[in-house]
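> Compute the structure for the input listed below.
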Amino acid sequence: MHWQAFCNVRRFIISMLAKDAECYVHPLRDVMADISGAWLGSYWQGDSQTRFEVTFVQAKNTLTGRVLDDGPLGEAQISGDVTGRGISFSKRYVITSIHVIHYSGTISEDETFMSGTWTIKGNGSGRWEARRNSDDLMAELNARLAKQTTLAGVAE
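Have a look, this model is predicted:
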């Protein structure tokens, strides 16, 4: 059922029970984030920071993808899920590691940033964060140049 139709039916039913009832949408549960695409991020192990690139492929709430760490462990595969604004996935390195790393976190409302914690069962934990990689760097550059022109008081 389409969400708006569901919400209208829900309002009607609730209004039969209580006057002036509103349809409540839980911000983390009822609105699923879409994180498909390229992301750049970092994770910390103690004081050591490792950067990574990840490409997520999301089908409904199922998540798959590949990540490339800027470190000795290299490429890994991921699988997990997205529930509302929450994310959880497991990362398994292709070649060198027998450990599975579990990530969990929260996705920003504008779907451009996520952060959380990672754990290796019995082997440590830390924090991580990632930002959506811009798909169109030229459009971003043109937008910044236009903003600078406007700030300088020069009309186009």
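> Quick check: what element follows the helix or strand of the chain with the lowest mean pLDDT along the chain?
Averaged element by element with mean pLDDT, DSSP states H and E, the chain has its least confident helix or strand at helix 3-17 (a mean of 54). The C-terminal neighbour of helix 3-17 among helices and strands, as given by DSSP states H and E, is strand 37-45.
> for that following strand, packing partners?
On a contact count with 3 or more CB pairs under 8 Å, 6 or more residues apart in numbering; DSSP states H and E, strand 37-45 meets strand 48-59, strand 113-120, strand 124-132. The C-beta positions use only the backbone N, C-alpha and C, and glycine is treated the same way.
> Give me the domain ranges for this structure.
Using automatic domain parsing, the domain ranges for the chain come out as 1-30, 37-134.
> Most tightly packed of these?
For the domains of the chain, ranked by mean neighbour count under the definition mean count of other CB atoms under 10 Å, the leader is domain 37-134 at a mean of 15.
> ok so, going back, for the domains of the chain, which one sits closest to residue 147?
With distances scored as CB to CB, the stretch of those nearest to residue 147 is domain 37-134 (15.3 Å).
> residues touching residue 123, list them.
By CB atoms under 8 Å, 6 or more residues apart in numbering, the contact list for residue 123 reads residue 99.
> which phi and psi does it have?
phi -130, psi 10 (degrees, to the nearest 10).
> How much space separates it from residue 100?
Distance of residue 123 to residue 100, computed by CB to CB, to the nearest Å: 10 Å.
> mean pLDDT for the domains of the chain: which is lowest?
Within the domains of the chain, confidence is poorest for domain 1-30, with a mean of 50 (mean pLDDT).
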